[in-house]
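Trainee: here is the input, now give the coordinates:
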Amino acid sequence: MHLSRVFLLVLLLAISGCAILPEQIDNTKDWSPSQLYSAAKDSMSNKNYEQAIDYFEKLEARFPFGKYAQQAQLEIAYAYYKYDEPDSSIAAAQRFIKINPRHPNVDYAWYLMGLVNYTRGRSLVDKLLPQDTSERDLRIMRDAYDDFHELVTRFPNSKYFADSAQRMIHLRNNMARYEIHVADYYMRRGAYVAAANRAAIVIEDYQRTPSVTDALIIMTRAYRKLGVDNLADDAVRVLAYNDPAHPDLEILQQGGDPTRRGGWFGWFR
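Mentor: Predicted structure coming up:
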C-alpha cells in the first residue's frame with residue numbers, strides 16, 4: 001500500500017512537471033499590442049517567420065480592434081509568403097481586402113497576392129537552377145496576371161503600379177510561350193488540328209508578344225500537314241508582314257519545312 005502511494009505521488013509530480021514545461025509557458029499573455037507587434041517585426045527581421053506569424057495571430061486574437069491588429073492582418077500575409085505558405089498568404093490578403101476595402105495600404109494586399117502567385121510552385125531546385133518559367137502552370141500565371149491587373153486598374157497611383165505592370169508583361173509573354181510549348185507537343189505527336197488551334201490562341205489572345213512569330217510558323221506547318229494550303233499561305237503572308245527578315249520565311253514561302261534543316265523548332269526539344 002505504501003509503495004502504491006509513492007508511485008501515485010511520483011506519477012502526479014511527473015504529470016504536473018509536464019504541464020509546466022518551458023515551451024508550453026506563454027510569456028506573452030500580459031504583453032500589450034505594441035509589444036506583440038514589435039516582437040513580430042523583430043522576428044520578421046531575423047527571418048523567423050513562424051514565430052512572427054504566431055505573434056501576429058496572438059495580437060489579432062487578443063486585440064481585434066485598433067491600428068496594430070489591422071496592420072497585423074496585412075503583415076501576416078507577407079509572413080506567410082516568406083514562410084512559403086502561399087495558400088495561407090493569399091487567404092490572409094483576401095481577408096484583409098474584405099475587412100478593409102478602403103485601407104490606404106489595400107493596394108499592397110493585391111500586389112502581394114500577385115507576387116505570391118508569380119512565385120508559386122517554384123521548388124528549391126527551381127530557385128537554384130535556371131528554368132523556363134513559361135513551362136509553369138498556366139492557371140497560376142493567369143491568377144498572378146489577374147491580381148496585378150486588379151492593382152493597376154484600381155490603383156493607378158500606387159507605388160506598386162510600375163512593378164506590377166512590368167510583371168504583367170512578363171506573365172503575358174510566358175502565357176503565350178506556354179501555348180507554344182503545347183502546340184509543339186501536339187505537332188510532334190501528329191495532332192495537327194490541335195497544334196493549329198493552340199497557335200491560333202497565341203495569335204488571337206497574345207498579340208504583340210514574341211511568340212506570335214512562332215505561332216504563325218506552327219500554324220503554317222500544321223496546315224501544310226493537313227493539306228490546307230490556302231490557310232498555310234495566309235499564315236505565311238501574315239508572318240512576312242510581321243517579320244519579313246525571319247530566317248525561315250523563304251523556306252515556308254516555298255512550301256518547305258524549316259525543321260528539316262534544324263531550324264527554330266528544334267529549340268524546344
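Trainee: identify the residues contacting the host helix or strand of residue 60?
Mentor: In the assignment (DSSP states H and E), residue 60 maps to helix 49-62. Applying C-beta atoms under 8 Å, 6 or more residues apart in numbering, the external contacts of helix 49-62 come out as 28, 33, 36-37, 39-41, 43-44, 68-69, 72-73, 75-76, 79-80, 82-83. For the C-beta atoms, the positions are set from N, CA and C on the backbone; glycine is no exception.
Trainee: next SSE after the longest helix that the chain contains?
Mentor: Scanning the chain for the longest helix, with DSSP state H as the assignment, gives helix 161-188. Next in sequence after helix 161-188, counting helices and strands by DSSP H and E, comes helix 192-205.
Trainee: give me the residues contacting that next one.
Mentor: Counting by C-beta under 8 Å, 6+ apart, 176, 179-180, 182-184, 186-187, 209, 211-212, 214-216, 218-219, 221-223, 225-226, 238 sit against helix 192-205.
Trainee: still on that earlier bit, so which of the contacts of helix 49-62 sit within helices?
Mentor: Going by DSSP H, the helices hold 33, 36-37, 39-41, 43-44, 68-69, 72-73, 75-76, 79-80, 82 from the contacts of helix 49-62.
Trainee: restrict those to the buried ones and give me that as a PyMOL selection.
Mentor: In PyMOL, a selection of the buried entries from these looks like this (16 or more other C-beta atoms under 10 Å):
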select buried, resi 33+36+37+39+40+43+44+68+69+72+73+75+76+79+80
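Trainee: flag the shaky bits of the stretch 51-200 of the chain, pLDDT-wise.
Mentor: The stretch 51-200 of the chain contains residues with pLDDT under 70 at 121-136.
Trainee: measure how the longest helix of the chain sits relative to helix 192-205, angle-wise.
Mentor: When axes from the mean of the first three to the mean of the last three C-alpha atoms, to 10 degrees is applied, the directions of helix 161-188 and helix 192-205 differ by 160 degrees.
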